[in-house]
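Asker: Prediction below, plus the sequence it came from.
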Amino acid sequence: MFRGRERGGGVTLILPLLAFATVSLLVAAGALALSPGRAAIVRRRLGEVTGRPVKTGADAVTYERVVTALKHIGSAVPKSPSEMTKLQLRLVHAGFRRHDAVPLFFGIRAGCALLLFAVVATPIFMRPSISMALGAAGLGWVLPAVVLARLARRRQHRVRLSIPDALDLLVVSVEAGLGLDQAIQRVGEELAPVHPELSDDLRLINLELRAGKARPEALHNLAARTGVDDLTSLVAVLVQTDKFGTSVTQALRVHSDVLRTKRRQRAEEAAAKTGVKMVFPLVICIFPAIWIVTVGPAAIKIMDVLGRMADR
C-alpha cells in the first residue's frame, strides 16, 4: 500500500518537472525565433555599407524568425524515408512547394505536441496524469497531419471544379491558332482571378518548358503536383496527341465531353447518397423530438392513471 502511494507520488512529482522542461524548451525556441537572424544581420550590414537601408516590416521579420526556429526543430525530429516521400507529396498536393516544407511541417508537429503536453501536464488546469499528458502529446502530433490532409483535399476539389473552364478556354485558344504551349500560358493568365490554384500550376508548366524540360515531362509533373484524376486523364490525352500527331482540338473536344459526363455522373451519385446521409440526422435529432411531442402526453397520462390505481 505504501509502495503504491510512493509510486503515485513519484509520478505526480515527475509530471510537473516534465512540464517545466517542456515549457523551458518552448521558451528557448521562442527566444531563438525572436532573436535577430543571420539574414537580417547581413541585410542590416549591407544597408549600412551602401547607405540604403533595406526596408523590412516587423511582421515579415518575425515570421521569418518563427519559420527558422520551426525548421531547426523539425530538422532534429527523426524521420522515416517512406513517410518523407508520402508527406512531401501531400504537401505538394496542398500547395506547399517550398524545399523546406517538410522540416517546417515536422517543426509544427513537434511544437503542437510539446505545447499540448505542457498544458495537460501543468497542474494549473487539471490534475496531472501521465496517460493524459502522453495522449495530448499524441493528439498534438497527429492533428497537423489531419489538417494537412484536409487542406490537400480542399485544394484538389477546387482544382477539379476549375478543369472544365480551363478546358473550354484551351479549346478556344487552340482553335484561334495558338500552339499548345502558348495556349496553356494564355489559359493560365486568364484563370488567375477566378481559379488561382490551377493558374499557378499552368504557369509552372511554362516555367519548366522555358527551363528546357520536354513537354510530356512537364505535363506529367502537372498531374503529379495536383493529384487530380481528371487532370491525369487530360495529361494522358495531350501526351498521346503530341506523340502521334493527331488533332489537338478534336482530342480536347472529345475529352471535354467525357469530363462533362463524369461531372453529371458525380452529381447524380451525390444526389443518390443524400437519402442515406439524411437518415442519421433524422434518427438522432428529429425522431426523438417527434416521439416526445406525440407520445409524451399519453405517457404522462398513463403514468398518472397507474399511480392512482396503485394508491387505491
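Answerer: Yep, that arrived.

Asker: Next up, the contacts around the residue nearest to residue 158 when sequence neighbours are not counted.
Answerer: Leaving aside its sequence neighbours, residue 158 sits nearest to residue 197 (C-beta to C-beta, 6 or more residues apart in numbering; 5.4 Å). Every C-beta, even on glycine, is put in place using the N, C-alpha and C of the backbone. Residues near residue 197 by C-beta atoms under 8 Å, 6 or more residues apart in numbering: 95, 155, 158, 159, 162.

Asker: helix, strand or coil for residue 197?
Answerer: helix (DSSP: H, G, I helix; E, B strand; the rest coil).

Asker: and it, what pLDDT?
Answerer: Looking at residue 197, its pLDDT is 88.

Asker: about what we covered before: which of the contacts of residue 197 are buried, as a PyMOL select command?
Answerer: Here is the PyMOL command that selects the buried residues among the contacts of residue 197 (16 or more other C-beta atoms under 10 Å):
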select buried, resi 95+155+159+162
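
Asker: Give me the subset of the contacts of residue 197 that lies in helices.
Answerer: Here DSSP state H is the test, and the contacts of residue 197 give 155, 158, 159, 162 as lying in helices.

Asker: nearest to residue 121, of these?
Answerer: Residue 121 lies nearest to residue 155 out of these, by C-beta to C-beta, at 35.9 Å.

Asker: Please tell me I have it right and the closest one contacts residue 97.
Answerer: No. Counting by C-beta atoms under 8 Å, residue 155 stays clear of residue 97, with 11.9 Å between them.

Asker: Which residue ranges of the chain form helices?
Answerer: 2-34, 38-50, 58-76, 81-93, 101-121, 130-175, 180-190, 196-210, 215-226, 229-244, 248-277, 279-281, 287-311.

Asker: The fourth one packs against which elements?
Answerer: Other helices and strands packing on helix 81-93, by 3 or more C-beta pairs under 8 Å, 6 or more residues apart in numbering; DSSP states H and E, are helix 101-121, helix 130-175, helix 215-226.

Asker: highest average neighbour count across those helices?
Answerer: helix 101-121 (a mean of 21; mean count of other C-beta atoms under 10 Å).
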